[in-house]
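>>> here's a sequence, model it:
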Amino acid sequence: MSATSAVYLYCLVRAARQPSVARVPSGLDGATRPEPVKAAARLWLIAADVPLDIYGPSRLEPRLRDLEWVSQAAVAHERVVEHFARMRGTTVLPMKLFTMFSSADKAVSDVRARRVSLERAMRHIAGCEEWGIRVTRSVTESMPRASRRTSKSTGGFHKGGTAFLVARKEARDAARAARVEAITAADRAYARLRRFARDARRRERRPEPGLNPPLLEAAFLVTTAARPRFKAEARRQAVACASAGAGITLSGPWPAYNFVAAVEDRS
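Numbers count the residues shown, from 1 in each chain. Next up, the predicted model:
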């Protein structure tokens, strides 16, 4: 590091030997090649020098409003983390995006000061990978057809505006019942998948802009040994959700981003 650069941390790696950087991704724009820095026995920082004219506080702050630039940086960060996570015999603790220090010595000192909580986090995620589940309502024409059938069925008993109001109420009731059925299926999927995971985190369900907000967004910490059973259960739940008018999107495997901060916060 020099007066014109800072030390950027991608992740911590616990391994019996120094991690190889052969074919390591280039990382953030303008950064040097990611390299291991020994912090303790069997523990390395994966770090690089980044220019302050891009990543210094006064330059970084306005760039954070550029979502495309931040997204590109996040992808570059994740590629480096995933490179080491794929190595056999490693446990990788991802760092937050834009974690930087003024020098490698200060980065090592920070890690050593937090060694107890970091080791706890590494024990928690060791041998695991993160999988994501997103459940949304299926976008089909089944509800409009049902609404039209309801309207026709009530037409013989109500006249004029009364028939229109009755049909609207029945359509709202049908839509509400369908949403409840889909939410129930999503909650059941979470509970079933949770049985195959060491840990799980779900995002609080809340109203969001748009026509089809997610019914469930969750992350699961799954051991590599349990991966086949977890994925098989995800397929079963996809069928169950489909019958309830919902669809499941499965993503992964990823480094355990969602399970690192939670463990450290309990220290």
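>>> wait, residue 48 touches residue 27, no?
Yes - with contact defined as CB atoms under 8 Å, residue 48 counts as touching residue 27 (5.6 Å). For glycine as for every other residue, the C-beta is placed from the backbone atoms N, C-alpha and C.
>>> name the element the residue nearest to residue 196 when sequence neighbours are not counted belongs to?
Nearest in space to residue 196, with sequence neighbours left out and distances taken as CB to CB, 6 or more residues apart in numbering, is residue 230 at 4.2 Å. Per DSSP states H and E: residue 230 is located in helix 227-243.
>>> which neighbours do residue 48 and residue 27 have in common?
8, 10, 33, 34 (CB atoms under 8 Å, 6 or more residues apart in numbering).
>>> can you pull the contacts of the third one?
Same thing as residue 33. Here residue 33 is in contact with 21, 24, 26, 27, 48 (CB under 8 Å, 6+ apart).
>>> residue 132: which of those residues is nearest?
Relative to residue 132, the closest of these is residue 27; by CB to CB it sits at 23.4 Å.
>>> do you know how far that closest one is from residue 75?
11 Å (CB to CB, to the nearest Å).
>>> of these two, who's got more company?
residue 27 (23 against 11; other CB atoms under 10 Å).
>>> the more buried one against residue 78, yeah?
No - taking CB under 8 Å as the definition, residue 27 is not a contact partner of residue 78, at 10.3 Å.
>>> show me where this structure has strands.
All strands of the chain, identified by DSSP state E, fall at 5-14, 35-40, 43-51, 91-101, 128-137, 199-202, 216-223, 246-254.
>>> next, format those as TSV and append mean pLDDT.
Below are the strands of the chain laid out as TSV (pLDDT from 0 to 100):
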stretch	mean pLDDT
strand 5-14	95
strand 35-40	94
strand 43-51	96
strand 91-101	93
strand 128-137	92
strand 199-202	94
strand 216-223	94
strand 246-254	91
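>>> any chance of those strands in a markdown table, plus distance to residue 110 and mean neighbour count?
As requested, the strands of the chain are exported to a markdown table (distance: least, CB to CB, whole Å; neighbours: other CB atoms under 10 Å):
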| stretch | distance to residue 110 | mean neighbour count |
| --- | --- | --- |
| strand 5-14 | 9 | 24 |
| strand 35-40 | 9 | 16 |
| strand 43-51 | 10 | 22 |
| strand 91-101 | 7 | 20 |
| strand 128-137 | 24 | 21 |
| strand 199-202 | 25 | 17 |
| strand 216-223 | 25 | 22 |
| strand 246-254 | 25 | 17 |
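>>> closest to residue 117 out of these?
strand 91-101 (10.4 Å).
>>> using PDB, list the CA coordinates for the closest one.
What follows is strand 91-101 as a C-alpha-only set of coordinates in PDB (Å, rounded to 0.1, in the frame of the first residue of the first chain):
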ATOM      1  CA  THR A  91     -13.700 -22.200   4.900                       C
ATOM      2  CA  VAL A  92     -14.400 -18.700   3.500                       C
ATOM      3  CA  LEU A  93     -15.800 -15.800   5.400                       C
ATOM      4  CA  PRO A  94     -16.900 -13.100   3.000                       C
ATOM      5  CA  MET A  95     -16.200  -9.500   3.800                       C
ATOM      6  CA  LYS A  96     -18.800  -6.800   3.200                       C
ATOM      7  CA  LEU A  97     -18.400  -4.800  -0.100                       C
ATOM      8  CA  PHE A  98     -15.900  -2.000   0.200                       C
ATOM      9  CA  THR A  99     -14.200  -3.200   3.400                       C
ATOM     10  CA  MET A 100     -10.900  -1.300   3.400                       C
ATOM     11  CA  PHE A 101      -8.000  -0.400   5.600                       C
END
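>>> now the angle between strand 43-51 and that strand, please.
Taking axes from the mean of the first three to the mean of the last three CA atoms, to 10 degrees, one finds strand 91-101 and strand 43-51 inclined to each other by 30 degrees.
>>> going forward, begin numbering at 49 instead of 1
Let's use 49 as the start, then, which means that last one is strand 139-149.
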